[in-house]
Structure formats: C-alpha cells, structure tokens
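Enquirer: The following block contains a protein sequence and its predicted model.
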Amino acid sequence: MKLARPFAFALVTLLAVVAVATPALADHQLLNLDKDGVILDGYDPVAFFTDHKPVKGDANIAFTYHGAIYHFASEEHRAAFEADPAKYEPQFGAFCAYAVSQGRTAEISVDTFSIVDGRLVLQHNEKAVRLWEEDVHGNLAKADKYWPAVVANDGKQIDVSTVK
C-alpha cells in the first residue's frame with residue numbers, strides 16, 4: 001500500500017502536465033514575426049483590402065491577435081480588424097504562399113500581395129509571384145493542404161509526397 005500513494009501521486013501529476021500541455025501543442029502556430037513580435041513588417045492588414053496597396057501601420061495603433069502584433073494606419077482599420085480578424089489576417093502565418101505550396105516557408109515582400117477568394121496572400125519576390133500566378137487556385141489548394149505539415153515541421157521543407 002505504501003507504494004500505491006507515490007504511484008498515484010505521480011500518475012495524477014503526469015495527467016495534470018499532459019492536460020496543461022495538450023492545448024498548447026494543439027495551438028502551435030507558425031508566424032512570420034520580427035524580433036518585436038510584429039507581423040507583416042508593420043504594415044496594416046486592413047489596408048490591403050481597403051486601399052488596395054501596402055500601407056505602413058502606426059505602432060501606437062496596435063492590436064495583438066494569435067500572438068502577433070498588428071499595426072494599423074488608423075483607428076478605423078484597427079476597429080475593423082478587431083471586429084473580424086479572420087477576414088484580414090494574412091494567410092500562412094504571413095509567409096510566402098508559393099513557398100508553402102511547395103512545402104516550406106520563405107520571407108515575404110508586402111509589395112507582392114494579392115487577395116484570393118477574400119484571403120490576403122503574400123509572396124517572397126516577383127519570381128514567386130510568377131510561379132504562383134501560373135495556377136493561383138491550384139497553388140492555394142496545395143498551400144492549404146501542406147500548411148499543417150509545414151507548421152508541424154517549424155517551417156522547414158517537408159516531403160510533400162507524404163502529405164495526404
């Protein structure tokens with residue numbers, strides 16, 4: 001009986017640790033952030049939709065969502081984002097969408113943005129834009145398919161042939 005108590009205590013402790021750790025693992029995200037935790041190089045995500053161009057945000061008009069700090073050009077843009085962040089957040093953690101369609105991540109240039117089916121996607125450079133535009137919807141479908149595996153592999157190249 002004396003051994004049962006330490007075993008029971010150890011089991012309860014292990015279960016508590018697993019219960020706490022499991023949500024954190026399920027929420028694992030991969031975000032393209034600068035050293036200060038800012039996403040999109042500080043550009044306003046709403047402006048891509050409303051102004052149809054990259055507009056630098058103001059660090060004094062900020063909002064944190066899913067661990068990323070967003071900067072906005074105006075209070076109105078911040079309010080729009082706060083009301084519906086999923087509508088405005090960049091796809092694929094603000095990494096290059098074409099790279100994700102190839103099973104990896106790459107940095108982005110805000111000048112390469114496009115809105116596809118209401119989704120903000122960005123590319124690494126003009127070459128990635130050209131390759132992306134060869135089959136926008138096919139590449140988007142591949143990026144959507146591969147993104148969970150890319151996240152699980154911390155952005156490193158995955159073997160796309162193994163992704164179902």
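Expert: Noted; the coordinates are in hand. Residues are numbered from 1 along each chain as shown.

Enquirer: partners of the residue lying closest to Asn125 once chain neighbours are set aside in the sheet?
Expert: In space, and not counting its chain neighbours, Asn125 is closest to Ser109: 6.0 Å by C-beta to C-beta, 6 or more residues apart in numbering. To be clear about C-beta, it is placed using only N, CA and C from the backbone, and glycine gets the same treatment. Beta-bridge pairing of Ser109 under DSSP bridges involves Gln123.

Enquirer: among the helices and strands of this protein, which has the poorest mean pLDDT?
Expert: Lowest by mean pLDDT, DSSP states H and E among the helices and strands of the chain is helix 4-26, with a mean of 43.

Enquirer: Okay, buried residues for whichever strand or helix holds Gly138 please.
Expert: Assigned by DSSP states H and E, Gly138 belongs to helix 136-152. Across helix 136-152, burial judged by 16 or more other C-beta atoms under 10 Å covers Asn139, Leu140, Lys142, Ala143, Tyr146, Trp147, Ala149, Val150, Val151.

Enquirer: Return the list of helices and strands in contact with that helix.
Expert: helix 97-101, strand 109-116 (3 or more C-beta pairs under 8 Å, 6 or more residues apart in numbering; DSSP states H and E).

Enquirer: Tell me what angle that helix forms with strand 109-116.
Expert: Here helix 136-152 runs at an angle of 120 degrees relative to strand 109-116 (axes from the mean of the first three to the mean of the last three C-alpha atoms, to 10 degrees).
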